[in-house]
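Engineer: model this:
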Amino acid sequence: MKTTVSTLAVFAFMAVCVAAIAQAASVVYLSDLPFKASGLKGNPNGGYYDGIRVNSHQTIITSTGSQSNDWERPTRIDGQEYDKSLLFHVVKDESVTATWALKAGFTKLTATIGLDDTQDIPGIFPLITVKFIGDGKSLGSASIQSVYGKPNPTPSVDINVAGVKSLTVEITFKGTGGGTNIDIANPELQPVSNGSSQ
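Structural biologist: Numbering: from 1, shown residues only. Predicted coordinates for the structure are as follows:
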């Protein structure tokens with residue numbers, strides 16, 4: 001009897017492990033997928049540039065392509081580091097976009113949005129709006145209004161991307177004061193194959 005119970009316990013444990021591995025394998029991050037950037041300005045060789053940093057890499061995507069950058073610090077919001085992230089670096093008040101071909105392969109996008117702990121000029125309090133646009137239609141948005149003396153907000157987003165073929169993230173900056181870094185952290189996509197209804 002003990003042998004039977006032990007064997008059943010081992011099988012149950014193995015089933016849980018296999019399910020956990022399968023679930024982990026199905027996680028897809030927006031920051032791991034290729035995208036097309038637009039609206040990035042500046043002269044990277046002259047030291048002024050807008051850019052997008054992916055997953056804390058030292059390489060920054062700019063208006064002239066990928067540029068190596070001496071950026072050793074990880075993506076971090078309120079002291080918490082994020083391995084999977086998109087950091088948008090904008091020097092002046094403007095809008096930049098990044099567009100992904102999702103090909104209707106996902107049902108939901110979740111993420112945390114916040115000012116990165118590293119800023120070009122500390123003490124600047126910008127207004128930032130992040131819009132999620134699917135196939136030309138608004139899917140949702142989040143805004144950050146930094147206020148002196150108050151913790152910076154870190155809104156979470158839960159965006160329905162079911163059936164979306166092309167996803168655009170548009171970020172508008174106002175009051176940057178010479179350089180602002182905003183993060184979209186843990187941008188996790190739920191694949192259609194996870195059994196979610198559309």
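Engineer: I figured Ile60 was touching Asp50, is that so?
Structural biologist: No - between Ile60 and Asp50 there is no contact, the gap being 9.3 Å when judged by CB atoms under 8 Å. For every residue, glycine as well, the C-beta is placed using N, CA and C.
Engineer: more neighbours, these two?
Structural biologist: The neighbour count for Ile60 versus Asp50, taken as other CB atoms under 10 Å, is higher for Asp50 (23 against 20).
Engineer: In contact with the more buried one, which residues are there?
Structural biologist: If you count contacts by CB atoms under 8 Å, 6 or more residues apart in numbering, Asp50 has them with Gly39, Leu40, Lys41, Gly42, Thr62, Ser63, Phe88, His89, Val90, Val91, Glu94, Val96.
Engineer: Tyr48 now?
Structural biologist: Taking CB under 8 Å, 6+ apart, we find Tyr48 in contact with Gly42, Val91.
Engineer: and the gap between it and Val157?
Structural biologist: When distance is defined by CB to CB, to the nearest Å, Tyr48 is 30 Å away from Val157.
Engineer: how about the helices of this structure, start to end?
Structural biologist: Remark: helices assigned in the chain by DSSP state H are 2-25.
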